[in-house]
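[1] let me see the structure of the following:
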Amino acid sequence: MGQPIKIIGVTESGIASLPQQYREWIEESEQLVGGERLLEFFPFYKGEKIVVKSGLSKMVETLQQTSKKTVVLASGDPLFFGIGGYLAKKIDVEIYPNISSLQQAFAKMKESWHDCFFVSVHGRNIKGLAQKIDGYEKVCLLTDETNTPKAIASYLLEFGMDEYEAFIVETVGGESEKTTFMTLSDMMSYDAHPLNVVILKQKNQRKRWTLGIPDAEFSQRKPDKGLITKKEIRVLSIGELNLHKKSTVWDIGTCTGSMAIEAARIAKEGQVFAIEKNESDLQNCYENMKKFQADITAICGKAPARLDEFPDPDAIFIGGTGGEMKELLSVCASRLKAHGRIVLNAATIETLYEATDILKQLKLKVSITLAQISRSKPILHMTRFEGLNPVYIITAAKEEE
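    Numbers count the residues shown, from 1 in each chain. Prediction:
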């Protein structure tokens, strides 16, 4: 192949949005590649038009084999949630950006956008959006025909995130451009044009949760409260899991979901999967997910059954083994990614011995922390300390494949 392929950004204004030089490059090219909507902006193009419908790999293969002078059309800025970055890794390209729909949307809103958090749900699963955007004052969402403004509003209200108001920009820069401010409740019944951008802005503050959510804030089994990984143990165990923002996490024996929820608030761009054998406890977990804006995947089952439904994890927390410890730990060790960690809480020396012995047999590097925690408690005008049950925090690291 000779000269680099040019990737040119186009807005809803079509040809009018392009500098003269860009127009000349398109006119001089022999092939014009792009989505059907973008190609329609050039009805008098004399060369060959190649419509990209789905599957970028096929388009890359075509471009790799061509010797023709080629231009690829992209929406707005090809490097902002566009195909520019993907193609640049595969073929020799030159990228010529245009103003993006997001820049235009914020201009219509008369708001700065340098302090905004951007998320694309275009062609992506909306799962996990709650924890991704939680806490941000401004959020901009790229939508699609499934994740519409209506669907987004319904999702956010399901997690009680009504602190936002919405600004919707439809066909920005086009002849039928429309801008609308509305509440999320109103957006639930709003049928927007398929080409739209949604900007969320906090209209009021709600309570923020940091690492170490108080135990009493979680919905728990009644009347037997206390079946929860205590706050102090939870914080230490989370630290041992060595999570990052894109971690894939398993929580086995999730009960209230406290560990899974805390993990999801750290692994905002990752995935958290929880399993619990008692349906009543799982209902508490679902309530807690809504309260703390943590959109995790929580299912009913007794591990290791159903773990094959989860992707391989970077970290695994085990709050209870249900008597199947050897089989469970073997499955967990085999599925754990390289450099991943298993953290298991044990309340008895028998569980400590059994778990440690199995983990060492599985060639994992084991370390143990004995956590003996006491909390202050008022007594008349004075203060005393009341001890919690000691817990062994067992950490097993997978150092090599």
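[2] contacts only, for Phe385.
    Applying C-beta atoms under 8 Å, 6 or more residues apart in numbering to Phe385 gives the contacts 374-377. The C-beta positions use only the backbone N, C-alpha and C, and glycine is treated the same way.
[3] closest to Ile8 out of the residues you listed?
    Ile8 has its nearest neighbour among the contacts of Phe385 in Arg375, at 63.5 Å by C-beta to C-beta.
[4] need the three-state assignment for that closest one.
    strand (DSSP: H, G, I helix; E, B strand; the rest coil).
[5] wait, Val366 sits on Thr395?
    Yes: between Val366 and Thr395 there is a contact at 7.1 Å, judged by C-beta atoms under 8 Å.
[6] neighbour-wise, which of those two wins?
    Ranked by neighbour count (other C-beta atoms under 10 Å), Val366 and Thr395 place Thr395 first, with 21 against 17.
[7] now that one: how far from Lys58?
    46 Å (C-beta to C-beta, to the nearest Å).
[8] please apply the same query to Leu129.
    30 Å.
[9] between these two, who's got more neighbours?
    Taking other C-beta under 10 Å, Leu129 and Lys58 do not tie; Leu129 has more neighbours (23 against 11).
[10] ok, Glu28 - contacts?
    The contact partners of Glu28, by C-beta under 8 Å, 6+ apart, come to Lys69.
[11] what residues are up against the closest residue to Ala88 other than its chain neighbours?
    Distances taken as C-beta to C-beta, 6 or more residues apart in numbering place Ile95 nearest to Ala88, at 6.9 Å, with adjacent residues excluded. Listed by C-beta under 8 Å, 6+ apart, the contact set of Ile95 reads 7, 78-79, 84, 88.
[12] if you average pLDDT over stretch 178-196, what comes out?
    Averaged across stretch 178-196, the pLDDT comes to 96.
[13] might you list the low-confidence residue ranges for the stretch 1-150 of the chain?
    Residue ranges of the stretch 1-150 of the chain with pLDDT under 70: 1-2.
[14] so where do the strands sit in it?
    5-10, 31-34, 48-51, 70-75, 93-96, 117-120, 138-142 (DSSP state E, counting those that start in this stretch).
[15] Ser247: which of these is closest?
    Per C-beta to C-beta, nearest to Ser247 of the strands of the stretch 1-150 of the chain: strand 117-120, 18.3 Å.
[16] name the helices or strands packed onto the closest one?
    Contacts defined by 3 or more C-beta pairs under 8 Å, 6 or more residues apart in numbering; DSSP states H and E place strand 117-120 against helix 129-133, strand 138-142.
[17] recalculate using a threshold of 6 Å.
    When contacts are defined as 3 or more C-beta pairs under 6 Å, 6 or more residues apart in numbering; DSSP states H and E, strand 117-120 packs onto strand 138-142.
[18] what sits up against the strand it packs on?
    Strand 138-142 has contacts (C-beta atoms under 6 Å, 6 or more residues apart in numbering) with 81, 102, 116-120, 122, 133, 198-201.
[19] can we see that at 8 Å?
    The contact list for strand 138-142 (C-beta under 8 Å, 6+ apart) reads 81, 102, 105-106, 111, 113, 115-122, 133, 147, 152, 164, 197-202.
[20] and for stretch 43-50?
    By C-beta under 8 Å, 6+ apart, the residues outside stretch 43-50 that reach it are 26-27, 29-34, 39, 42, 59, 62, 68.
[21] and that stretch, end to end?
    13 Å (C-alpha to C-alpha, to the nearest Å).
[22] next: stretch 132-152.
    Termini of stretch 132-152 sit 13 Å apart (C-alpha to C-alpha).
[23] pull out the buried residues from it.
    Buried residues in stretch 132-152, counted by 16 or more other C-beta atoms under 10 Å: 132-136, 138-143, 147-149, 151-152.
[24] quick check, Thr11 in contact with Gln104.
    Yes: with contacts counted by C-beta under 8 Å, Thr11 reaches Gln104, the gap being 7.3 Å.
[25] these two - which one has more neighbours?
    Of the pair Thr11 and Gln104, Thr11 is the one with more neighbours under other C-beta under 10 Å, namely 22 against 19.
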